[in-house]
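Engineer: the sequence isn't on hand, but the structure is:
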């Protein structure tokens, strides 16, 4: 896992973006950018250079699930690892996210250990 | 008002008779016609009053039986909002408690680091100015070692305190989502009440009294709350007491189990 990879954090609440950013920094990932919903995230992704997407689900404008679907449908972005960090924990939603091709799913509130575990798992699969 | 015109014609006819009888000095007939006219006027007044009373009664009945009113009062909406807001209070309280506890744990560590460094600094000054005996220096190096070990541990604890404080701030996202839901509910209630007032003012009006029954009122169109329910399928943060337990997973472990059953 490359610690210099560029990570896009998407959440409509700035407090949560800062928390994720700080946790990632603790894990050694310092190269992060932020967006507050799918609509602002998509152009950043399309501009290129992002290696990993961490997104919330419930956001105004474009929701995380739609962002995920757009990423998977985009030729250049389709293989990007996507971690969803959300308060949504209905069975059908988790299945929907899985079917849309999410790589990891974390329910809020979460711990630093959970974030580390899920990121490790995602990149173990990709690297291995 | 067809009734009114007939009544006025009858009234004018009797009034003309009254004038004729008065001019011819027929006292008995004048008295009789006067009584009759007063009765006619009173009847018309009572009829109007009766109609008004009935309209008011019908409107209140419509309010009582309107499903939207019951829905707002009992059917989840307001009760849910109360549950949600109570949970917001619980969550903010918990976050504040966590933050305060972590800070209270951190302060003594900062104090001990501050006093330790102050003492060591003054000793170090004396050492660099060659004002220290060999025996005292041996003591200083022991003190220094103990201090560095303690400070190393304390700074790790401080780091963990700060991380806990940071994680506690996630309440802002979660309570924010819950409060947005309550704001949406208040907007829906407002919209429904405005619709009801519009409908009932129509109901109280001159037209269409008979065809605006309670049934047609409540069946008119889906309420804002219903529309909202249809539109938004996202539940947001789990609020205790408002959970569809069959459909909602209990936490990260259950989410992980579900995902691994799906091949993740």
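Structural biologist: Done, it's in. Since this is a predicted model, take the numbers as computed values, not measurements.
Engineer: just the residues contacting stretch B:108-123, thanks.
Structural biologist: Outside stretch B:108-123, the residues that touch it by Cβ atoms under 8 Å, 6 or more residues apart in numbering or on different chains are B:132, B:140, B:143, B:144, B:147, B:150, B:151, B:154, B:155, B:157, B:158, B:161. Where C-beta positions appear, they are placed from N, C-alpha and C, glycine not excepted.
Engineer: and the pLDDT for the last one?
Structural biologist: To tie it back to what came earlier, the one meant is residue B:161. If you check residue B:161, the pLDDT there is 96.
Engineer: thinking again about what came up before, please identify, among the contacts of stretch B:108-123, the one with the most neighbours.
Structural biologist: residue B:161 (20 neighbours; other Cβ atoms under 10 Å in any protein chain shown).
Engineer: does the helix or strand hosting it reach chain A?
Structural biologist: Per DSSP states H and E: residue B:161 is located in helix B:134-168. Yes - in terms of Cβ under 8 Å from any Cβ of the partner chain, part of helix B:134-168 sits within range of chain A, namely B:163, B:166, B:167.
Engineer: what about the residue of the stretch 1-150 of chain B found nearest chain A, how many neighbours?
Structural biologist: In the stretch 1-150 of chain B, no residue comes nearer to chain A than residue B:91, which is 9.1 Å away by Cβ to the nearest Cβ. Residues lying near residue B:91 (other Cβ under 10 Å) number 19.
Engineer: which strand or helix spans the residue sitting nearest the centre point of chain A?
Structural biologist: Centroid check for chain A by Cα atoms, centre = their mean gives residue A:54 as the closest residue, at 1.5 Å. Assigning secondary structure by DSSP H and E places residue A:54 in strand A:52-55.
Engineer: pairing partners for that strand, with directions?
Structural biologist: strand A:7-10 (parallel), strand A:82-86 (parallel) (DSSP bridges).
Engineer: rebuild these as TSV, extending it with distance to residue B:185.
Structural biologist: Output for the strands paired with strand A:52-55, formatted as TSV (distance: least, Cβ to Cβ, whole Å):
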stretch	distance to residue B:185
strand A:7-10	27
strand A:82-86	21
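Engineer: put together a markdown table for those, with distance to residue A:122 and mean pLDDT on each row.
Structural biologist: Shown next, in a markdown table, are the strands paired with strand A:52-55 (distance: least, Cβ to Cβ, whole Å; pLDDT from 0 to 100):
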| stretch | distance to residue A:122 | mean pLDDT |
| --- | --- | --- |
| strand A:7-10 | 12 | 98 |
| strand A:82-86 | 6 | 97 |
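Engineer: where do the helices of chain A begin and end?
Structural biologist: A:14-26, A:38-46, A:64-73, A:91-100, A:112-127 (DSSP state H).
Engineer: surely the residue of the stretch 1-150 of chain B closest to chain A meets residue B:172?
Structural biologist: No - Residue B:91 is beyond contact range of residue B:172, at 9.6 Å (criterion: Cβ atoms under 8 Å).
Engineer: what helix or strand does the residue of the stretch 1-150 of chain B closest to chain A sit in?
Structural biologist: For residue B:91, the element it lies in under DSSP H and E is helix B:77-128.
Engineer: can you give me the buried ones in stretch B:94-104?
Structural biologist: Using 16 or more other Cβ atoms under 10 Å in any protein chain shown as the test for burial, stretch B:94-104 gives B:95, B:98, B:99, B:102.
Engineer: in contact with the third one, which residues?
Structural biologist: It refers to residue B:99. Contact analysis of residue B:99 by Cβ under 8 Å, 6+ apart lists B:165, B:168, B:169.
Engineer: mind redoing it with 6 Å?
Structural biologist: Shown in contact with residue B:99 (Cβ atoms under 6 Å, 6 or more residues apart in numbering or on different chains): B:165, B:168.
Engineer: distance of it from residue B:105?
Structural biologist: For residue B:99, the distance to residue B:105 equals 11 Å [Cβ to Cβ, to the nearest Å].
Engineer: what's opposite the nearest residue to residue B:251 once chain neighbours are set aside in the beta bridge?
Structural biologist: Leaving aside its sequence neighbours, residue B:251 sits nearest to residue A:107 (Cβ to Cβ, 6 or more residues apart in numbering or on different chains; 6.5 Å). Counting by DSSP bridges, residue A:107 is bridged to residue A:86.
Engineer: surely residue A:107 is in contact with residue B:253?
Structural biologist: No - Residue A:107 is beyond contact range of residue B:253, at 9.8 Å (criterion: Cβ atoms under 6 Å).
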